[in-house]
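1. here you go, sequence then predicted model.
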Amino acid sequence: MKKYILGLSVLFAVVVMAFAACSKSSSGSNPEPAPPATPPAASVSVEIKNFAFSASSVSIKKGGTVTWTNADSTPHTVTDNAGSFDSNSMATSATYSRKFETAGTYTYHCNFHSSMTGTVVVSN
């Protein structure tokens, strides 16, 4: 009878260990879900500083506004590559705002400094 109980105990232990091993998931089999994408904002601010637009790419909702502020010591412009908007020369501390009514991607630059470029992505 002792052999029977001992054998049953060993069998039970093996079954429990096998079940526990099978129920563990490897880290690669259940990837973490991606964090939700940040929805486009209704309004965004872009700082012009150190001869760059910061942030150089922004996303807004259709009907949203982007406001650029010149925090540099020299004048800059915010000029759409396709010609749909232009801030003209912005002195230090000047701001320029543009409301975007049509979805799409707008690329822009500074007329005085060709290396300065940026993008506004407008979604529905």
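-> On my side now, so go ahead. Predicted model only: the values in this text are computed from it and were never measured. Residues are numbered from 1 along each chain as shown.
2. can you tell me how far the closest residue in space to E101 that isn't next to it in sequence is from S115?
-> Once flanking residues are discounted, E101 sits nearest to G63: 6.1 Å by CB to CB, 6 or more residues apart in numbering. Placement of C-beta: from N, CA and C, glycine included. Distance, G63 to S115, using CB to CB, to the nearest Å: 31 Å.
3. okay, the two: which has more neighbours?
-> Per other CB atoms under 10 Å, whichever of G63 and S115 has more neighbours is G63, with 14 against 8.
4. contacts only, for that one.
-> 42, 99-101 (CB atoms under 8 Å, 6 or more residues apart in numbering).
5. mind checking which of the residues you listed are buried?
-> Buried by 16 or more other CB atoms under 10 Å: F100, out of the contacts of G63.
6. in this structure, what secondary structure element scores lowest on mean pLDDT?
-> helix 2-23 (a mean of 50; mean pLDDT, DSSP states H and E).
7. which residues does T65 contact?
-> 42-44, 97-100.
8. so which of the residues you listed sit within strands?
-> 42-44, 97-100 (DSSP state E).
9. identify the farthest-apart pair in the contacts of T65.
-> A42 and R98 (13.7 Å; CB to CB).
10. where does this structure dip in pLDDT?
-> 1-38 (pLDDT under 70).
11. go again with 50.
-> 4, 6, 8, 11, 14, 16, 19, 22-29 (pLDDT under 50).
12. buried ones in the lengthiest strand in the chain?
-> Longest among the strand segments of the chain by residue count, using DSSP E, is strand 57-70. For strand 57-70, burial by neighbour count (16+ other CB under 10 Å) applies to 58-61, 64, 66, 68-70.
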